[in-house]
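# sharing a sequence plus its predicted fold:
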Amino acid sequence: MSHKNEINLELKEAEFSYKGGFCLKPVSHTFRSGTFSVLLGPNGSGKTTLFTLLNGIQKPERGGVFIDGQPVHHIPPRARAKIIGLIPQINDRPFGYTVEDMVKMGRYPHQGLLGREGPVDIRIVEETLERLDLIKLRTRSIKELSGGEYQRVLLGRVLVQQPSILLLDEPANHLDLKHQLTLLSLLKEETRLGAIVITVLHDINQALLYGDWGLLLEEGVCISSGKPQELLTPDLISRVYQVELAEYKNEDGSRTLLGPGGKI
């Protein structure tokens, strides 16, 4: 682990539309070092589209996405990979790779043209395998892994990049409860080291527990943003998600969670 460089990721009136379909209306927001931000909203609200703009997969039709004032699309791919670490939703698994092979791939941006690994690469990979409880799986083919195990491998590949910005699309999917909590705590630890963490989450209570900031989307519009405890009120959740929820507090009243508001 190492402390990240101070960095800002900024959306400036960024918008995008698909031909004959969904339109993401202009969004402006600055993500700052040391913060855990959550993109929230029901299916079809625009979370994934906004996510693809942030990671450079899509280019805004108008407005822009900037890292310290520089358009993301102007940063060469290799240099961008040292800044942004991306975990998309689980996709197809390439054939013939072990867990360790996949994690090592994340060191590519830091290696020379011949791609030879040095002592630093070996140390960082080893530390990451340990952090993610992957030591015992290191020689296992990724084709043999469960969805949760593979998700941890993808996270490992990103962490060894040592990026200043981590973008994760529903990272807790496929994970059991233990590894969900481990993952979210690890991401929180990355923010304490100075990283920007931006993640799409469906679990509102995870956003309340771990998020520093939230952006709530509805039908392609960012309708509100703020600290999760202020943003995720029962009234607003009822309107956006079409579900009745109530607030529940722990014994000393220091923490609020949301749960069923009517009879179960």
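Everything's here; your move.
# wait, a helix at residue 29?
No: counting by DSSP: H, G, I helix; E, B strand; the rest coil, residue 29 is located in no helix; its state is strand.
# tell me where the stretch 1-150 of the chain has helices.
Secondary structure of the stretch 1-150 of the chain (DSSP state H, counting those that start in this stretch): helices at 47-54, 77-83, 99-104, 119-131, 147-159.
# the last one vs helix 119-131, what angle?
Relative orientation of helix 147-159 versus helix 119-131 (axes from the mean of the first three to the mean of the last three CA atoms, to 10 degrees): 150 degrees.
# can you pull the phi/psi pair for the residue nearest the centre of the chain?
Among the residues of the chain, the one closest to the centroid is residue 168, at 2.3 Å (CA atoms, centre = their mean). Note on residue 168: backbone dihedrals following degrees, to the nearest 10 are phi -130, psi 130.
# and it, what does it touch?
86, 87, 155, 187, 197, 198, 199, 200 (CB atoms under 8 Å, 6 or more residues apart in numbering). C-beta: built from backbone N, CA, C; applies to glycine.
# can you give me the helices in the stretch 151-264 of the chain?
Under DSSP H, counting those that start in this stretch, the stretch 151-264 of the chain gives helices at 177-192, 204-210, 228-231, 234-241.
# so what are the domain limits for this protein?
Using automatic domain parsing, the domain ranges for the chain come out as 8-231, 233-264.
# winner for burial among those domains?
Most buried of those, by mean neighbour count (mean count of other CB atoms under 10 Å): domain 8-231, with a mean of 17.
# coming back round to it: now the domains of the chain as a markdown table including mean pLDDT?
Shown next, in a markdown table, are those (pLDDT from 0 to 100):
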| stretch | mean pLDDT |
| --- | --- |
| domain 8-231 | 91 |
| domain 233-264 | 83 |
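# noted, bye for now.
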